[in-house]
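Enquirer: Pasting the sequence and the predicted coordinates here, then a few questions.
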Amino acid sequence: LKDSPAANLNLRVNAKGRLQPDWAGQGKLILEASQFAGYPLEGYAEGAFAPGRLSQASVDLAVLGNRLRLNGALGAAGDSLLFEIDAPHLERFGAEYGGAFKGHGQLAGTLSNPFGSLEAQGQNLHAPGGWRLAGADFRARLLPGSEGHFELQADLQEFARSGQVWARSLNLKGAGSRAHHSLLLAASLPGEHQLSARAEGGLREGLWSGSLQELTLRGEFDFTLEKPASLILSAQRGSLGEARLLGRREGSGRIELLHTEWSPERLIAKGRLSGLQVGFSLDEYQRTVFKGRSLQLGAEWDVTLAEQLRGLVHVFREDGDFILQGDSPVAFGLENLDLNLALSDGRLALSALANGKRIGALNAVATLAVKGRGSETRIDMAAPMVGVLNADIPSIGWLGPLANQNLRTEGSLRGQFNITGTPDKPVSAGFIKGEKLVVALAEQGLRLDEGQLALVFDAERLKLETLHFRSPQRISPPDGRLRRPTGNGVLSG
């Protein structure tokens with residue numbers, strides 16, 4: 001409590017109600033000349049409550065520089081509730097909140113079949129969990145009855161979480177009636193991808209039921225929906241029927257979504273992928289980027305995140321190799337690639353294996369703890385973990401060009417990397433050894449060869465036991481040796 005903001009609250013509360021035969025109540029709150037964290041609190045709120053209904057509502061509250069107004073009733077035939085929100089200082093509610101929000105509208109009817117209109121705008125919105133929305137403009141109108149007119153327009157800008165942008169922009173339009181309408185979605189995604197979708201269906205008792213008619217992804221990976229798939233959405237759950245996404249061009253592959261279902265406490269995903277081509281290439285600045293089509297991948301997944309966590313994800317090489325395209329293409333010589341993820345009994349097990357003529361053998365295993373369920377499942381950052389990576393690379397000729405087109409490397413590397421501790425506080429140990437190493441920078445005319453490397457490390461220290469190269473371009477003194485330095489800091493000749 002000693003770190004809590006200073007507060008001066010002056011309020012009056014009157015309330016009465018009953019529990020039998022059905023609970024009901026009414027109350028009134030008045031705030032007068034109050035302050036919290038140096039900001040004013042004032043206004044009043046009153047209303048009557050019963051199962052499924054709010055009546056006699058009258059609210060006008062000014063809280064930390066933000067204002068809320070309500071007037072009317074909601075929950076029964078003939079009810080109408082007017083509302084207005086003007087919140088330019090959301091950051092005053094806590095460090096995880098921020099931005100400005102303004103909205104107004106009217107709601108009427110019952111809670112299961114409401115109707116009305118709403119307009120809202122937001123700028124630079126922040127919410128707990130690292131969520132951020134740079135801009136929002138929302139307008140909706142729904143009239144009563146199954147054939148009541150429906151229209152929707154929503155524009156969102158830069159939707160992100162914890163610094164990672166999920167969508168640069170998103171536009172959603174809806175038109176039709178309550179019983180039958182269409183929804184159009186257009187989104188600009190990271191990586192220069194564009195997503196468009198069209199759904200048709202209707203709203204009844206708070207549940208939207210219909211079908212996904214079209215879905216297209218354009219960009220580095222191009223997919224389109226083969227045929228319509230059933231779609232059910234509500235505030236509590238959603239499900240997508242069996243759907244197939246076909247590559248629009250060679251190398252895009254095929255995705256089959258066999259079972260997809262989600263809710264706040266349950267997430268189920270089952271499907272497979274084949275024919276997806278990926279690779280490395282150079283951008284306009286001669287930098288290596290993950291963009292190309294030299295390696296063909298497949299995948300299978302069957303994951304359930306609920307009270308009991310279980311699942312398997314398998315990614316594997318179907319054909320091809322990692323080839324860095326450029327003036328001098330470099331191949332990894334990949335013959336096998338196998339990645340596995342297994343989730344069971346609150347533990348996540350990871351394994352990876354890659355081998356080939358040039359890349360040699362790489363294998364890694366790790367286990368971590370997970371917690372939560374459904375959409376809240378996440379890595380337990382404070383729980384113990386363990387992992388090990390082994391590498392035996394007979395040729396590192398592919399490594400230099402991958403980092404820089406001007407860099408050439410040769411030789412072999414062998415090493416081991418162990419990790420323990422927790423994800424929050426990892427502890428590492430291991431070694432790296434190199435033989436017959438060559439490093440050359442063509443543009444600079446530098447070449448180092450006959451290199452040896454021996455490095456060991458643990459949680460406390462890093463020890464360079466050996467690092468030796470021979471340079472054919474070195475300039476030697478007349479007798480081939482450097483004289484010992486004299487006391488005045490110059491070399492005697």
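Expert: Received the coordinates, thanks.
Enquirer: What segments of this protein are helices?
Expert: 399-403 (DSSP state H).
Enquirer: where are the low-confidence patches of it?
Expert: Counting by pLDDT under 70, the low-confidence segments of the chain come to 1-4, 251, 280-292, 324-328, 472-493.
Enquirer: now the end-to-end length of stretch 211-228.
Expert: 6 Å (CA to CA, to the nearest Å).
Enquirer: Would you mind listing the buried residues in that stretch?
Expert: Neighbour-count burial for stretch 211-228 flags 211-213, 215, 217, 221-225, 228 (criterion: 16 or more other CB atoms under 10 Å). Every residue, glycine included, has its C-beta placed from N, CA and C.
Enquirer: ditto for stretch 433-450
Expert: Neighbour-count burial for stretch 433-450 [16+ other CB under 10 Å]: 433-434, 437-440, 447-448.
Enquirer: wait, residue 414 sits on residue 433?
Expert: Yes - with contact defined as CB atoms under 8 Å, residue 414 and residue 433 form a contacting pair (5.1 Å).
Enquirer: got the contact list for residue 274?
Expert: By CB atoms under 8 Å, 6 or more residues apart in numbering, residue 274 lies in contact with 253-254, 298-299, 318.
Enquirer: Skip the chain neighbours and tell me the closest residue to it.
Expert: Distances taken as CB to CB, 6 or more residues apart in numbering put residue 298 closest to residue 274, at 4.6 Å, once the chain neighbours are dropped.
Enquirer: Is it correct that that neighbour is in contact with residue 318?
Expert: Yes - under the criterion of CB under 8 Å, residue 298 makes contact with residue 318 at 4.6 Å.
Enquirer: can you list residues touching both of those two?
Expert: In contact with both residue 298 and residue 318: 274-275, using CB under 8 Å, 6+ apart.
Enquirer: Can you pick out the most distant pair from the buried residues of stretch 433-450?
Expert: 433 and 447 (21.8 Å; CB to CB).
Enquirer: Could you double-check that residue 124 sits in contact with residue 101?
Expert: No - with contact defined as CB under 8 Å, residue 124 does not reach residue 101; the gap is 10.0 Å.
Enquirer: Report the contact partners of the closest residue to residue 68 other than its chain neighbours.
Expert: What sits nearest to residue 68 in space, not counting adjacent residues and going by CB to CB, 6+ apart, is residue 61, at 5.0 Å. Shown in contact with residue 61 (CB under 8 Å, 6+ apart): 31, 41-45, 67-69.
Enquirer: Give me the neighbour count for residue 451.
Expert: Neighbours of residue 451 under the rule other CB atoms under 10 Å: 19.
Enquirer: Hmm, residue 413 and it touching each other?
Expert: No - if you go by CB under 8 Å, residue 451 and residue 413 don't touch, sitting 10.8 Å apart.
Enquirer: Overlap in contacts, the two.
Expert: With contacts defined as CB under 8 Å, 6+ apart, the residues shared by residue 451 and residue 413 are residue 434.
Enquirer: starting at the chain centroid, how far to stretch 11-19?
Expert: Centroid separation for stretch 11-19 versus its chain: 45 Å, with CA atoms, centre = their mean, to the nearest Å.
Enquirer: Kindly present the contacts of residue 274 as a markdown table, with separate columns for distance to residue 372 and neighbour count.
Expert: What follows is those, written out as a markdown table (distance: CB to CB, whole Å; neighbours: other CB atoms under 10 Å):
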| residue | distance to residue 372 | neighbour count |
| --- | --- | --- |
| 253 | 31 | 22 |
| 254 | 32 | 16 |
| 298 | 30 | 17 |
| 299 | 24 | 17 |
| 318 | 34 | 16 |
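Enquirer: And those, which is closest to residue 459?
Expert: Here the nearest of the contacts of residue 274 to residue 459, counting by CB to CB, is residue 299; it sits at 35.6 Å.
Enquirer: Return the residues in contact with that closest one.
Expert: Contact analysis of residue 299 by CB under 8 Å, 6+ apart lists 272-274, 276, 313-316.
Enquirer: and if you look at residue 269?
Expert: Applying CB under 8 Å, 6+ apart, we find residue 269 in contact with 257, 259-260, 301-303.
Enquirer: of all these, which comes closest to residue 322?
Expert: Set against residue 322, the nearest of the contacts of residue 269 by CB to CB is residue 301 (22.6 Å).
Enquirer: In the sheet, which residues pair with that closest one? Tell me.
Expert: residue 271, residue 313 (DSSP bridges).
Enquirer: so it makes contact with residue 260?
Expert: No - between residue 301 and residue 260 there is no contact under CB under 8 Å: 10.8 Å.
Enquirer: so what sits against both of the two?
Expert: 269-271.
Enquirer: of those, closest to residue 77?
Expert: residue 269 (41.7 Å).
Enquirer: How much space separates the closest one from residue 411?
Expert: The gap separating residue 269 from residue 411 is 43 Å, by CB to CB, to the nearest Å.
Enquirer: Give the closest residue to residue 202 in space, chain neighbours not counted.
Expert: Excluding the flanking residues, the one nearest residue 202 by CB to CB, 6+ apart is residue 179, at 4.4 Å.
Enquirer: If we ignore the residues flanking it in sequence, what's nearest residue 302?
Expert: Excluding the flanking residues, the one nearest residue 302 by CB to CB, 6+ apart is residue 270, at 4.6 Å.
Enquirer: ugh, wrong one, residue 53
Expert: residue 75 (3.1 Å).
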